[in-house]
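K.L.:
Provided below are the primary sequence and the corresponding predicted coordinates.
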Amino acid sequence: MTIAQFVILGTALFSIGLYGVITRRNAVLVLASVEVMLAAVNINLVAFDVYLADQLYAGQIFTLFIIAVAAAEVGIGLAIILMIFRNRHDADVDELDLMRY
């Protein structure tokens, strides 16, 4: 497979994730869309790391770092969403002005 195929796949996944972040109203689905965007970035990092034959494997190391940050983001994000859902009985992103006041 060529590098162009991986870049196209990453672009498609990132676009789908961006569309999900922009159009979704449910906070859990917004977090899932962010995860799809992070997966697209990981695909591109690994593809370019292999294509450039990096001796330090920097793309793969950054990918592992992104996976760790994404896991922490999901844990914290879901905890916040659960607390908001318990208080308001709704996880609609448009209605989340709870922390504004």
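P.N.:
Perfect, I can see it now.
K.L.:
Tell me where the chain is predicted with low confidence.
P.N.:
Of all residues in the chain, those with pLDDT under 70 make up the ranges 97-101.
K.L.:
In it, which helix is the longest?
P.N.:
Ranked by residue count, the top helix of the chain under DSSP state H comes out as helix 58-88.
K.L.:
What residues sit buried inside that helix?
P.N.:
Residues of helix 58-88 classed as buried by neighbour count (16 or more other CB atoms under 10 Å): 59, 63, 66, 70, 74, 77, 81, 84. Where C-beta positions appear, they are placed from N, C-alpha and C, glycine not excepted.
K.L.:
Among those residues, which one lies nearest to residue 26?
P.N.:
Among the buried residues of helix 58-88, residue 81 lies closest to residue 26 (CB to CB), at 9.2 Å.
K.L.:
which ones are touching the closest residue to that closest one other than its chain neighbours?
P.N.:
The spatially closest residue to residue 81, leaving aside those adjacent along the chain, is residue 27, at 4.7 Å (CB to CB, 6 or more residues apart in numbering). Listed by CB atoms under 8 Å, 6 or more residues apart in numbering, the contact partners of residue 27 are 77, 81, 84, 91-93, 96.
K.L.:
now those residues in TSV, with distance to residue 16?
P.N.:
Compiled in TSV, those are given as follows (distance: CB to CB, whole Å):
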residue	distance to residue 16
77	19
81	21
84	26
91	21
92	22
93	18
96	23
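K.L.:
Quick check: the two most widely separated of these?
P.N.:
The widest separation within these, taken as CB to CB, falls between 77 and 92 and amounts to 15.4 Å.
K.L.:
hang on, residue 44 packs against residue 6?
P.N.:
Yes. A contact is recorded between residue 44 and residue 6 when judged using CB atoms under 8 Å, the distance being 6.8 Å.
K.L.:
More neighbours: which of these two?
P.N.:
A direct count of neighbours by other CB atoms under 10 Å for residue 44 and residue 6 places residue 44 higher, at 20 against 17.
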